[in-house]
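> sequence and computational prediction follow.
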Amino acid sequence: MTTDTSLFQADFTPEEFATRRARIFDAIGPGAHVVLQGAPPVRGFDVFRQSNEFYYLCGVEVPQAYLVLAGAKRKTTLYLPHRERHSSEGAVLTADDVDLARQLTGVDEVCGLENLAADLAWASAIHTPHAPAEGRMGSRDELQRANAKVAADPWDAAPSREARFVEALRRIAPRAEIHDLTPVLDGLRAVKSPAEVALCRRAGELSARAVTEAMRITRPGLIEYQLGALAEYIYLYGGARGDGYRPIIASGENIWTVHYFRNNSPLKDGDLVLMDTAPDLGNYTSDIGRLWPVSGTYAPWQRELYGYMVEYHKALLKRIRPGVTADQVHDEAAAEMARVVEATHWSKPAYAEAARRTLLFRGHLSHPVGMAVHDVGDYKPRPLVPGVVLTVDPQMWVPEEKVYIRCEDTVAVTETGIDNFTAAAPLELDDVEKLMRDRQAPPLA
């Protein structure tokens with residue numbers, strides 16, 4: 001087999017994977033094993049995408065792969081299927097490509113799947129993830145909700161794939177204590193390496209371009225999904241697999257449904273559009289949110305509310321830095337915005353009350369971002385450190401009118417402040433209106 005670069009990722013070096021695995025060895029101790037199950041084959045005609053945790057430790061994009069870290073000798077073994085005699089889908093790494101697989105991944109040994117059971121039979125302690133494995137367009141919170149729904153269905157209830165794997169490990173290694181590796185992996189993934197930050201940055205730049213071009217083509221009569229089609233084109237052209245998650249493209253009353261997904265309503269003059277979208281680029285993603293007028297000009301009430309949230313957004317951005325907690329950032333920004341709330345002449349009492357409620361909301365610094373859009377690793381209990389990637393997503397609700405206002409960027413904490421990956425998408429209201437004055441007809445219209 002040739003060393004065709006299409007066989008293996010080029011974003012991380014074998015040394016980076018080895019460093020990640022070394023941290024796992026340090027965490028589990030010398031008497032334990034780590035076992036990871038890769039993603040299963042694709043059912044249908046979708047393109048295979050490896051689960052995040054498996055990819056994080058070796059970068060292998062092959063279905064039905066397994067990884068074992070043996071603590072006693074700090075030895076890593078990759079288990080792969082053997083080469084098929086006839087394959088209509090092209091070459092992949094197999095158990096027959098021992099030297100190549102070792103060179104690309106930095107593992108110590110490569111074996112066929114038939115060796116796995118015997119190699120684990122006498123293990124005394126096995127660590128394996130118990131949380132659902134994130135895959136294409138997935139994040140743990142969504143997967144856990146889906147698993148709970150399946151478990152509650154009397155006609156479809158079944159153990160999760162992870163639970164079935166734990167039971168299989170108990171059968172082949174009856175002496176072993178089974179431990180959950182999820183907290184260890186979550187802790188490692190919470191702080192990104194420079195190479196991971198670079199991928200998130202590229203994903204953020206594509207997100208910003210997608211939203212900017214969507215603003216540029218917006219006009220009454222377009223369908224929400226047509227903005228999404230333009231975004232997906234930008235992602236694919238930019239080297240991504242496509243969407244990193246189901247995009248939110250909500251106009252008018254649809255914005256009130258926070259995670260609206262149908263994206264099938266026509267854009268109407270006088271309405272706003274909320275777009276939240278990002279690509280899957282090298283198994284990493286981003287997150288962005290912008291709100292703009294279909295007409296190209298914000299109505300007075302739209303400018304009043306969205307303008308306030310943009311100012312809140314900037315107040316948060318300028319306070320994120322190493323050594324402070326999320327609560328400190330919220331408190332400092334809320335103190336500044338409290339003065340703005342009281343100095344503003346609000347057109348309606350409901351708007352003033354909604355603005356005051358934003359001062360109490362603790363979710364303006366939102367979720368981590370990385371291999372999943374709702375990434376693992378909770379940054380909130382501790383001071384921020386360089387390498388933490390998170391969304392800044394100030395939000396306002398006016399329930400009396402079913403109005404929901406937000407804007408969002410993905411940023412990385414740096415040594416001196418932040419790197420805003422999605423800053424290229426217009427945020428200031430005047431900048432949005434200027435861009436839309438120069439808008440063009442949609443491509444292929």
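Thanks, I have it.

> and the helix or strand hosting residue 216, what does it pack against?
Assigned by DSSP states H and E, residue 216 falls within helix 194-217. Judged by 3 or more CB pairs under 8 Å, 6 or more residues apart in numbering; DSSP states H and E, helix 194-217 is in contact with helix 224-237, strand 272-276, strand 290-293, strand 389-392, strand 409-413, strand 418-420, helix 429-437. The C-beta positions use only the backbone N, C-alpha and C, and glycine is treated the same way.

> could you dump these into TSV with distance to residue 58 added?
TSV is the format used below for these (distance: least, CB to CB, whole Å):
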stretch	distance to residue 58
helix 224-237	25
strand 272-276	32
strand 290-293	37
strand 389-392	22
strand 409-413	24
strand 418-420	28
helix 429-437	43
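
> which positions in stretch 264-279 come out as buried?
Residues of stretch 264-279 classed as buried: 265, 267, 271, 272, 273, 274, 275, 276, 277, 278, 279 (neighbour count, 16 or more other CB atoms under 10 Å).

> er, stretch 181-188 I mean
181, 182, 184, 185, 186, 188.

> could you tell me the end-to-end distance of stretch 275-284?
Start-to-end span of stretch 275-284 (CA to CA, to the nearest Å) is 19 Å.

> ah, wrong one, I meant stretch 364-373
Stretch 364-373 stretches 16 Å from its first residue to its last (CA to CA).

> so the residue lying farthest from the centre of the chain, which of the three states?
Largest separation from the mean C-alpha position in the chain: residue 345, at 38.8 Å (CA atoms, centre = their mean). Following DSSP: H, G, I helix; E, B strand; the rest coil, we place residue 345 in the coil state.

> ok, it to residue 184 distance?
53 Å (CB to CB, to the nearest Å).

> same deal with residue 410?
25 Å.

> residues in contact with the residue positioned nearest the centre of the chain?
The chain has residue 373 as the residue nearest its centroid, 2.0 Å off, counting by CA atoms, centre = their mean. By CB atoms under 8 Å, 6 or more residues apart in numbering, the contact set of residue 373 is 139, 244, 245, 278, 285, 286, 287, 367.

> hmm, the fourth one is touching residue 209, no?
No: with contact defined as CB atoms under 8 Å, residue 278 does not count as touching residue 209 (11.2 Å).

> hang on, the earlier thing: quick check: the two most widely separated of the buried residues of stretch 264-279?
271 and 279 (26.2 Å; CB to CB).

> hang on, residue 150 is in a helix, isn't it?
Yes: counting by three-state DSSP, residue 150 falls inside a helix.

> count of neighbours near it?
13 (other CB atoms under 10 Å).

> surely it touches residue 159?
No: between residue 150 and residue 159 there is no contact under CB under 8 Å: 9.4 Å.

> hang on, the earlier thing: quick one: which of the helices and strands packed on helix 194-217 is nearest residue 338?
The closest of these to residue 338 is strand 389-392. By CB to CB, the value is 18.6 Å.

> moving C-terminal of that closest one, what's the next helix or strand?
strand 395-398.

> just checking: what are the partner strands of the helix or strand following that next one?
Downstream of strand 395-398, the first helix or strand assigned by DSSP H and E is strand 403-406. Paired strands of strand 403-406, with direction, are strand 395-398 (antiparallel) (DSSP bridges).

> alpha carbons of the partner strand, in PDB - could you do that?
Output in PDB follows, covering the C-alpha atoms of strand 395-398 (Å, rounded to 0.1, in the frame of the first residue of the first chain):
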ATOM      1  CA  GLN A 395     -29.100  36.100  25.200                       C
ATOM      2  CA  MET A 396     -32.300  38.000  25.900                       C
ATOM      3  CA  TRP A 397     -35.900  36.800  26.000                       C
ATOM      4  CA  VAL A 398     -39.100  39.000  25.800                       C
END
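
> chain center to it: distance?
24 Å (CA atoms, centre = their mean, to the nearest Å).

> I'd like the average pLDDT over it.
Across strand 395-398, the average pLDDT comes to 98.

> again, but for stretch 15-33
97.

> what sits against residue 107?
By CB under 8 Å, 6+ apart, the neighbours of residue 107 are 58, 67, 76, 77, 78, 101.

> let's see it at 6 Å
With contact set as CB atoms under 6 Å, 6 or more residues apart in numbering, residue 107 has these partners: 76, 78.

> which SSE is it in?
Judged by DSSP H and E, residue 107 forms part of no helix or strand.

> okay, and the residue nearest to residue 433 when sequence neighbours are not counted sits in which element?
In this structure, residue 433 finds its nearest non-sequential neighbour in residue 297, 5.8 Å apart by CB to CB, 6 or more residues apart in numbering. For residue 297, there is no host helix or strand (DSSP H and E).

> measure how buried residue 297 is and give me the count.
Other residues near residue 297 come to 14 when the count uses other CB under 10 Å.

> swap in residue 336?
Residue 336 has 15 nearby residues by other CB under 10 Å.

> how many neighbours does residue 66 have?
Counted with other CB under 10 Å, the neighbours of residue 66 add up to 22.

> who is it paired with across the strands?
residue 37, residue 79.

> against residue 33, how distant is residue 295?
62 Å.

> picking that back up, from the contacts of residue 373, list just the buried residues.
Buried among the contacts of residue 373 by 16+ other CB under 10 Å: 139, 244, 245, 278, 285, 286, 287, 367.

> can you give me the distance of the residue farthest from the centre of the chain to residue 48?
Taking CB to CB, one finds residue 345 at 57 Å from residue 48.

> dump the buried residues of stretch 181-188 to JSON lines, plus secondary structure, pLDDT and distance to residue 131.
Output for the buried residues of stretch 181-188, formatted as JSON lines (DSSP: H, G, I helix; E, B strand; the rest coil; pLDDT from 0 to 100; distance: CB to CB, whole Å):
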{"residue": "181", "secondary structure": "coil", "pLDDT": "98", "distance to residue 131": "9"}
{"residue": "182", "secondary structure": "helix", "pLDDT": "98", "distance to residue 131": "4"}
{"residue": "184", "secondary structure": "helix", "pLDDT": "98", "distance to residue 131": "12"}
{"residue": "185", "secondary structure": "helix", "pLDDT": "98", "distance to residue 131": "9"}
{"residue": "186", "secondary structure": "helix", "pLDDT": "98", "distance to residue 131": "8"}
{"residue": "188", "secondary structure": "helix", "pLDDT": "97", "distance to residue 131": "14"}
